[in-house]
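*Asks:* Any chance you could fold what I've pasted below:
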Amino acid sequence: MIVVWTILLGLVVGSFLNVVVHRVPAGLSAVRPASRCPGCGKPILRRDNVPLVSYALLRGRCRHCAEAIPVRYPLVEGLTGLLFGAAAFRFEGAGQLALSLALISALAALAVTDLEHRLLPNAIVGPASLAGLVLSFWGGPAAWWTYPLAALAVAGFLFGLAAVYPGGMGMGDVKMGGMLGLFLGPYAAMAVFVGALSGTVAYAALVAVGRLERGSALPFGTFMAFGGLVALFAGPQLWGLYLNLTGIA
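*Replies:* Sure, this is the predicted structure:
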């Protein structure tokens, strides 16, 4: 039952993350006022604000002005719910589960914000970093120092890349890398590597099919968020596989 309840919690969190993605880049509060239709400005009724269900019943349109609701809304809600459920199934212990859910929420918000607005706002990265520091200490107090150390190492590495290639890496990416270190410890390096690898593959594929011009930039934060999820769910296993394949283990 914990998995079911966590999925439902994820749906609710996903609904809030949609508000964050819509408002934070514009410098607006994610809490006040209550949710409104971007088209007509009328408040969204409670019965129209049920994750996934309301979108289906309204057929993806505002009840008042019939403006289309972006498909991003049910996608973020559904994906967040699934990831929350996967975390509840995968991790044991309140500390590790809380850390995982907080990281998933932060990565979902940052991935979509960077994809839509090419921004990784401090208003998301900052609170998430603080949560990562606190939750990492709660989940593993004996090795708490490895998390801020990993944050400094990853952020420093990305800062060096930003200094060398200012057009390909921004300070938002640097700060997000530090945030990953506070949540994942040493596995944050894996998150950055997987993000860079997946971004390279996506770039090559988009250029090959003519959807992207050579030299165009991709939202690296979105791919780094994907890498963060990979490191969260399979970091130790992938590292062990690498050691076995290279004969180091």
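*Asks:* top helix in this protein by residue count?
*Replies:* Assignment by DSSP state H gives helix 220-246 as the longest helix of the chain.
*Asks:* and it, what does it pack onto?
*Replies:* helix 72-90, helix 94-117, helix 171-184, helix 188-208 (3 or more CB pairs under 8 Å, 6 or more residues apart in numbering; DSSP states H and E). C-betas here are computed from N, CA, C, even on glycine.
*Asks:* can you do 7 Å?
*Replies:* helix 94-117, helix 171-184, helix 188-208 (3 or more CB pairs under 7 Å, 6 or more residues apart in numbering; DSSP states H and E).
*Asks:* Next, the angle helix 72-90 makes with it.
*Replies:* Between the axis of helix 220-246 and that of helix 72-90 there is an angle of 30 degrees, by axes from the mean of the first three to the mean of the last three CA atoms, to 10 degrees.
*Asks:* just use 3 as the starting number from now, easier for me
*Replies:* I'll keep to 3 as the first residue from here, and by that count the last item is helix 222-248.
*Asks:* tilt between helix 222-248 and helix 190-210?
*Replies:* Helix 222-248 and helix 190-210 are oriented at 110 degrees to each other (the same axes, to 10 degrees).
*Asks:* tell me the centre residue of this protein?
*Replies:* When CA atoms, centre = their mean is applied to the chain, the residue found nearest the centroid is Leu109 (1.3 Å).
*Asks:* unless I'm mixing things up, it is touching Gly229, no?
*Replies:* No. Taking contacts as CB atoms under 7 Å, Leu109 lies outside contact range of Gly229: 9.3 Å.
*Asks:* circling back to that earlier point, quick one: buried residues of the longest helix of the chain?
*Replies:* 222-237, 241 (16 or more other CB atoms under 10 Å).
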